[in-house]
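[1] Task: produce atomic coordinates for the following.
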Amino acid sequence: MKTQHPHSAKPMKTNHPTKPPKSCLLAVGYCRPESPLVYEYQPIGHFPTKTAAKQRIEELKQEAPDLLFLILETNPSKQAAVYQKFAAALNA
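    I've put the predicted structure just below:
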């Protein structure tokens with residue numbers, strides 16, 4: 001078995017170009033105390049990346065561990081009624 005010299009190893013090339021990060025809107029659903037299966041959603045804000053939105057979710061889970069969340073891409077199709085409603089609420 002041949003051993004390869006460390007300087008002769010070629011770096012791996014990716015065949016796919018990396019995609020630019022997508023901005024998104026985060027909305028969080030909080031459970032209603034009187035109805036444990038009913039969640040009320042509130043828009044939290046726009047984030048530059050999904051990773052940034054997920055970091056904010058982790059912060060919010062410290063206060064409400066049972067929350068649900070939606071991460072919606074900022075450039076949705078015109079048929080994305082949920083996105084339009086949350087975006088309008090943020091701008092109000």
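[2] contact partners of the strand ranked longest in the chain?
    The longest strand of the chain (DSSP state E) is strand 35-47. Residues from elsewhere that reach strand 35-47 (Cβ atoms under 8 Å, 6 or more residues apart in numbering): 23-32, 53, 56, 60, 68, 70, 74, 86-87, 89-90. Bear in mind the C-beta positions are built from the backbone N, C-alpha and C, glycine included.
[3] Return the set of buried residues in the lowest-mean-pLDDT helix or strand in the chain.
    Of the helices and strands making up the chain, the lowest-confidence element is helix 81-91, at a mean of 89, by mean pLDDT, DSSP states H and E. Going by neighbour count (16 or more other Cβ atoms under 10 Å), the buried part of helix 81-91 is 83, 86, 87.
[4] Hmm, the first one is touching residue 89, no?
    No: Residue 83 is not in contact with residue 89 according to Cβ atoms under 8 Å; the separation is 10.9 Å.
[5] Name the residues that touch the host helix or strand of residue 56?
    Counting by DSSP states H and E, the element that carries residue 56 is helix 50-63. Outside helix 50-63, the residues that touch it by Cβ under 8 Å, 6+ apart are 21, 22, 24, 26, 28, 44, 45, 47, 67, 69, 71.
[6] which of the residues you listed are buried?
    Buried by 16+ other Cβ under 10 Å: 24, 26, 28, 44, 47, 67, 69, out of the contacts of helix 50-63.
[7] just checking, which of those residues belong to helices?
    Among these, no residue falls in helices (DSSP state H).
[8] can you list those in TSV and add pLDDT?
    Listed next are the buried ones among the contacts of helix 50-63 as TSV, based on pLDDT from 0 to 100:
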residue	pLDDT
24	95
26	97
28	97
44	97
47	97
67	94
69	96
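[9] Out of those, which is nearest to residue 17?
    residue 24 (20.7 Å; Cβ to Cβ).
[10] Touching, that closest one and residue 73? I think so.
    Yes: in this structure, residue 24 is within contact of residue 73 by Cβ under 8 Å, at 5.5 Å.
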